[in-house]
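Enquirer: Okay, here's the prediction I keep looking at, along with the sequence it came from:
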Amino acid sequence: MTEEVLILNSDRGKLVRSEIIRGRLEEVLKKLLLDVIDEWSPNNSDLIVMRQVHEVRIKLPLTKELYDKLVRYNLRKANPNEAVAEIPIYIISYDNMWVGEDVYDNKVYVVAPYINDELKKELEELAIETTAENSSR
């Protein structure tokens, strides 16, 4: 099933790409990984792909369009005024360094289903924070 997929790229605390494309999330992610391999320097950095669950809270009532996007992500009513869903996000770190037990990301891609502009903005901030100076996972 094709859907809208959000691709974000952050470089040292700056958002350098924010794009919505159509496709299957898994296929878009795998294709992007093939492109990232060309950007990755195996001598200088690890290549890390992490899947996380990002909980989103959406005010009720939901539009049909929003319901159709969220229903497959463990959508449930949190209280009379809002619903909660668990959106998968993937973080691809391809320019990073280890300091002791911590990894510091210089460049990452964030890939997630596109839900709405509000969540897009939230994920853009996450991408920026992930690569900001003094940030670690």
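Expert: Cool, got the structure.
Enquirer: Next up, the contacts around Val36.
Expert: Residues in contact with Val36 (CB atoms under 8 Å, 6 or more residues apart in numbering) are Leu47, Ile92, Tyr94, Tyr109. Every residue, glycine included, has its C-beta placed from N, CA and C.
Enquirer: Between these, which sits nearest Glu125?
Expert: Tyr109 (15.3 Å; CB to CB).
Enquirer: Just say helix, strand or coil for the residue nearest to that closest one when sequence neighbours are not counted.
Expert: Leaving aside its sequence neighbours, Tyr109 sits nearest to Ile92 (CB to CB, 6 or more residues apart in numbering; 4.2 Å). Here Ile92 is recorded as strand under DSSP: H, G, I helix; E, B strand; the rest coil.
Enquirer: in the sheet, who's paired with Ile92?
Expert: Note on Ile92: beta-bridge partners Val49, Tyr109, judged by DSSP bridges.
Enquirer: mind showing which ranges of the chain have poor pLDDT?
Expert: Applying pLDDT under 70 to the chain picks out residues 134-137.
Enquirer: Could you check how far the residue lying farthest from the centre of it is from Ile37?
Expert: Using CA atoms, centre = their mean, the residue of the chain lying farthest from its centre is Pro80. It sits 28.2 Å away. The gap separating Pro80 from Ile37 is 48 Å, by CB to CB, to the nearest Å.
Enquirer: that's a strand at Ile37, yeah?
Expert: No. The assignment for Ile37, made by three-state DSSP, is helix rather than a strand.
Enquirer: what's near enough to touch the residue nearest to Tyr109?
Expert: Leu32, Leu33, Val36, Leu47, Ile48, Val49, Val108, Tyr109, Val110, Val111.
Enquirer: what's the fourth one in contact with, if anything?
Expert: What that stands for is Leu47. Val36, Ile37, Trp40, Ile92, Ser93, Tyr94.
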